[in-house]
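# Sharing a model prediction with you, sequence too.
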Amino acid sequence: MSDILPLDVVGRRVEVNGEYATVRFCGAVPPVAGFHCVVLAGIELAMYPTGGSFVRPNKVNFGDDFLTALKKRYVLEDGPDDDEQSCSLKVGSKQVQTIGFEHITKKQSQLRALQDISLWNCAVSRAGEQGRIAEACPNIRVVNLSKNLLSTWDEVVLIAEQLKDLEALDLSENKLQFPSDSPTLTRTFSALKTLVLNKTGITWTEVLHCAPSWPVLEELYLKSNSISISERPVNVLQKMRLLDLSSNPSIDESQLSLIADLPRLEHLVLSDIGLSSIHFPDAKIGCKTSMFPALKYLIVNDNQISEWSFINELDKLQSLQALSCTRNPLTKGDKAEEIIIAKIGQLKTLNRCQILPEERRGAELDYRKAFGNEWRKAGGHPDPDKNRPNAEFLSAHPRYQLLCCKYGAPEDEELKTQQPFMLKNQLLTLKIKCSNQPEQQILEKQLPDSMTVQKVKGLLSRLLKVPVSELLLSYESSKMPGREIELENDLQPLQFYSVENGDCLLVRW
């Protein structure tokens, strides 16, 4: 570093003693006692945005151009014997001696072979001499330029226009100035599919101004930019499949409707934006919305979701398959995940865990039973002609009627409040018969009636040396000879199925 300043320093991003800053002033400062008058650079430190400091220019890192940083990162430094490497080369009629010719060729070959590069935290501040990037490394497709010293979108364009095959670009943590007007349409980003602009200070208006230059963009990451969605993306971002708006606390429910018409949006990240409600007004109870038509994956972690009406609304999304909603007030309960599964019929993955068919069946049966008495009080009835639950119940439980059609209305016995049992009455003496293995001896076991079907299967798996996944359970009641009752829900206890002393468990695999 020297006291010689580059041109146009005001507004540039710089690094000082490991801290990032923006130059706000450059010029002479009157001498202070004990100091000589020198040219200083006034900077606004990133960690103290409302303050600043005067620093000697030779203490400021103004950064490198793209190619210089690339060579520092990816090309071997000259070794001690490099100057001694030489070969003879004929130029016209003269024989000349070349120094380090093979070494230079090797370096050039290294650069031209690069396709996926990371210049994270490499103090890249500018594109450099026009055409040099395209000449040195024309095959680059993926570039990570996060946490550098780039200060304007125009400088990014100068880099990208030399990378004709650029498919993915990460510019996170560069404090960029974006154009306020729509940029001239060019083919600079004609192949770009993934763009990461986290913590760059971009606004939604600037996104839409730049978007015409991203004709095939599929993934856009805008985390931590204080974005507020102010207008619909008209004729732009129409091929976008993933949008990350997390950690933008200015976004609310009403703003989401402005991006609800994006035809290919499959993956939406809304974590940590303070979201508490969502509503799709075009769809009635039990119907599907036309909003977010392609949305399959929704992430709403770390929000303020506390009402089940939020989950009810998500069931209206016609394509939703995966939901992540951890660390919300609503999800703190023990049964929260089971209720979410029961409320969203098409969901296949919840909080990154696959929902197995038996898990869905168990959750829906439990939900049907848990709210059965409330359903009855609201006007529900096993007789279809008398089944008229009120609007309040249907609004709170929009899938309940469907679950009654799927599994049948809850019977009176299911809705009886379970009475506490004395310890001596909790153990059931049961026979265990392997139905498809007649040579297998009939076993007799004492099992607590609170034991779940799943745990019974685990016990039998160890006894019979058969994988749990292959076991099927049912039982014959001593009070109803000849009638076999399937134990279909692994999560329910034996008492749920009214298993009693002397009954016989039937095992198949």
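Done, it's in.
# pLDDT below threshold where in the stretch 51-200 of the chain?
Within the stretch 51-200 of the chain, the segments meeting pLDDT under 70 span 51-58, 76-108, 180-186.
# mind running it again at 50?
Counting by pLDDT under 50, the stretch 51-200 of the chain has low-confidence residues at 77-101.
# Would you map the helices across it?
All helices of the stretch 51-200 of the chain, identified by DSSP state H, counting those that start in this stretch, fall at 66-74, 101-113, 132-136, 153-160.
# which of the ones you listed is buried the deepest?
helix 153-160 (a mean of 20; mean count of other CB atoms under 10 Å). Backbone N, C-alpha and C define where each C-beta goes, glycine included.
# angle of that one against helix 66-74?
With axes from the mean of the first three to the mean of the last three CA atoms, to 10 degrees defining the directions, helix 153-160 sits at 60 degrees from helix 66-74.
# Helix 153-160 packs against which elements?
strand 124-126 (3 or more CB pairs under 8 Å, 6 or more residues apart in numbering; DSSP states H and E).
# Just checking: what are the partner strands of the strand it packs on?
The pairing partners recorded for strand 124-126 under DSSP bridges are strand 64-65 (parallel).
# residues in contact with the strand it pairs with?
Contacts to strand 64-65, defined as CB atoms under 8 Å, 6 or more residues apart in numbering, come from residues K72, C122, A123, V124, S125, R126, A127, G128, E129.
# Filter those residues down to just the buried residues.
Buried members of the contacts of strand 64-65, scored by 16 or more other CB atoms under 10 Å, are C122, A123, V124, S125, R126, A127, G128.
# Would it be right to say that A342 lies in a helix?
Yes: counting by DSSP: H, G, I helix; E, B strand; the rest coil, one finds A342 located in a helix.
# Walk me through the domains of this protein.
Here the domain parsing of the chain from automatic domain parsing is 13-62, 64-76+101-240, 361-415, 423-508.
# Need the winner for burial among the ones you listed.
domain 64-76+101-240 (a mean of 18).
# Report the separation between the two terminal residues of that one.
33 Å (CA to CA, to the nearest Å).
# got a list of what the residue lying closest to I133 once chain neighbours are set aside touches?
Excluding the flanking residues, the one nearest I133 by CB to CB, 6 or more residues apart in numbering is Q162, at 4.0 Å. Contact partners of Q162, counting by CB under 8 Å, 6+ apart, are A127, Q130, G131, R132, I133, A134.
# What values do phi and psi take at H381?
Here is the backbone geometry of H381 (degrees, to the nearest 10): phi -150, psi 140.
# Wait, it touches G372, no?
No: using CB atoms under 8 Å as the test, H381 is too far from G372 to be in contact (11.4 Å).
# if we look at the sheet, which residues does the closest residue to V499 other than its chain neighbours bridge to?
With CB to CB, 6+ apart as the criterion, V499 has its nearest non-adjacent residue at 5.8 Å, and that residue is Y475. With DSSP bridges applied, Y475 shows beta-bridge pairing to I485, L505.
# for Y475, what are its contacts?
Contacts of Y475 (CB under 8 Å, 6+ apart): L430, E484, I485, L487, Y497, V499, D503, C504, L505, L506.
# Report the buried residues of stretch 315-322.
D315, K316, L317, Q318, L320, Q321, A322.
# ok, the fourth one touching K296?
Looking back up the chat, that one is Q318. No: using CB under 8 Å, Q318 makes no contact with K296, being 10.2 Å away.
# in the stretch 301-450 of the chain, which spans are helices?
Remark: helices assigned in the stretch 301-450 of the chain by DSSP H, counting those that start in this stretch are 308-314, 336-343, 357-370, 372-377, 391-396, 400-407, 412-415.
# May I see those helices organised as JSON lines, with mean pLDDT and distance to N148 added?
Below are those laid out as JSON lines (pLDDT from 0 to 100; distance: least, CB to CB, whole Å):
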{"stretch": "helix 308-314", "mean pLDDT": "97", "distance to N148": "39"}
{"stretch": "helix 336-343", "mean pLDDT": "95", "distance to N148": "42"}
{"stretch": "helix 357-370", "mean pLDDT": "91", "distance to N148": "47"}
{"stretch": "helix 372-377", "mean pLDDT": "95", "distance to N148": "58"}
{"stretch": "helix 391-396", "mean pLDDT": "95", "distance to N148": "52"}
{"stretch": "helix 400-407", "mean pLDDT": "94", "distance to N148": "54"}
{"stretch": "helix 412-415", "mean pLDDT": "78", "distance to N148": "63"}
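# Quick one: closest of the ones you listed to D302.
Shortest distance between D302 and the helices of the stretch 301-450 of the chain, using CB to CB, is found for helix 308-314: 14.4 Å.
# helices or strands next to that closest one in the packing?
Using 3+ CB pairs under 8 Å, 6+ apart, helix 308-314 is in contact with helix 336-343, helix 391-396.
# how about the contacts of Y475, which pair is most distant?
Those two in the contacts of Y475 that are separated most widely, counting by CB to CB, are L430 and E484, at 14.6 Å.
# quick one, what contacts Q321?
Applying CB under 8 Å, 6+ apart, we find Q321 in contact with K296, Y297, Q346, L347, K348, T349.
# Now list the buried members of these.
Buried by 16+ other CB under 10 Å: K296, Y297, L347, out of the contacts of Q321.
# Next one: the first one from C287, what distance?
Think K296. K296 is 19 Å from C287, where distance means CB to CB, to the nearest Å.
# do the same with D449
42 Å.
# same check, this time on S213
Taking CB to CB as the measure, S213 falls 39 Å from C287.
# Same check on S306?
Using CB to CB, one obtains 25 Å as the distance from S306 to C287.
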